[in-house]
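S.K.: below are the sequence and a predicted model; questions follow.
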Amino acid sequence: MKYGESLFDIIYLLLVIITGIIILTKSESKLSKLMGWAVLILGCGDAFHLVPRVLNYFINYDFNIYLGVGKLVTSITMTIFYILMYYIYLDDYKVKENKTITLSIWLLSIIRIILCLFPQNGWFTNENPFIWGIIRNIPFAILGLIIVILFFNKRKGDNIFKYIWLLVLLSFIFYFIVVVGASSTKLLGMFMIPKTICYIIIVLFFKKKDGNYER
């Protein structure tokens, strides 16, 4: 299992980070820059957790602190990713900004990040306190739901982003299966793989959107 998972993680990181760099390098529009940064932040953030996870399989060393801090970094960068998703939505669909929604996006993100910084999360010992796993993910779930609804309402207007809402929804479902169940049933941690696949498809949609964008 360690070889298969490690190979999957490495391919994922290389694909996402390289795609982000390519989009940013060629970007000439606000939309391209937003997508490029979103993809690059996604990949670099996940690298903080996945790289020590892969190394932990093959090197006899205590990586607990690196794995824990990596989860903290990933939690923050994932929040930033969804902030950028909101602005991608605004720019791509040329939607007039709703100040209430914008305020909600930022407020939920700030609350989520603050909750992630609480020492009770046990990041530095790579512990996974169940109650704090739930608490810090409540604003994140609401944030994700807003993004799902926004893209769902525009699904008929864009063939490339038509299923973004579904991919985001599925990624959250898979993620919360892990959050709620993995501490008692480790096998449920495997749901992180389909969650990651959802993000890979989103990244590929971003690349396709960037390629189809009229510069």
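M.R.: Thanks, I have it.
S.K.: most centrally placed residue in this protein?
M.R.: Centroid check for the chain by Cα atoms, centre = their mean gives M78 as the closest residue, at 4.0 Å.
S.K.: please, where are all the strands along the protein?
M.R.: Applying DSSP state E to the chain gives no strands.
S.K.: now the farthest one out in it, which residue is it?
M.R.: What lies farthest from the middle of the chain is N60; by Cα atoms, centre = their mean that is 29.3 Å.
S.K.: quickly note the distance from it to L7.
M.R.: Applying Cβ to Cβ, to the nearest Å, the value for N60 to L7 is 21 Å. (Each C-beta comes from the backbone N, C-alpha and C, glycine too.)
S.K.: with L67 instead?
M.R.: According to Cβ to Cβ, L67 and L7 sit 19 Å apart.
S.K.: neighbour count: those two, which is higher?
M.R.: Set L67 next to L7 and count neighbours by other Cβ atoms under 10 Å: L67 wins out with 20 against 11.
S.K.: got any ranges where this structure has weak pLDDT?
M.R.: For the chain, the stretches flagged by pLDDT under 70 are 1, 183, 212-215.
S.K.: how about 80 then?
M.R.: Applying pLDDT under 80 to the chain picks out residues 1-2, 157-158, 182-186, 210-215.
S.K.: in it, which spans are helices?
M.R.: Ranges of helices in the chain, per DSSP state H, are 2-26, 30-58, 64-93, 99-116, 130-135, 137-153, 164-181, 192-212.
S.K.: grab the nearest non-local neighbour of the residue nearest to the centre of the chain.
M.R.: G45 (6.5 Å; Cβ to Cβ, 6 or more residues apart in numbering).
S.K.: ok, A141 touching I173?
M.R.: No. At 10.3 Å, A141 does not count as touching I173 under the criterion of Cβ atoms under 8 Å.
S.K.: surely I23 meets L31?
M.R.: No. Using Cβ under 8 Å, I23 is not in contact with L31, being 10.0 Å away.
S.K.: who has more neighbours out of those two?
M.R.: It is I23, of I23 and L31, that has more neighbours when counted by other Cβ under 10 Å, with 24 against 18.
S.K.: the nearest residue to that one once chain neighbours are set aside and G20, how far apart?
M.R.: The shortest distance from I23 to any non-neighbouring residue, by Cβ to Cβ, 6+ apart, is to G36 (3.6 Å). For G36, the distance to G20 equals 6 Å [Cβ to Cβ].
S.K.: same deal with Y61?
M.R.: 29 Å.
S.K.: same check on S184?
M.R.: Distance from S184 to G20, counting by Cβ to Cβ: 35 Å.
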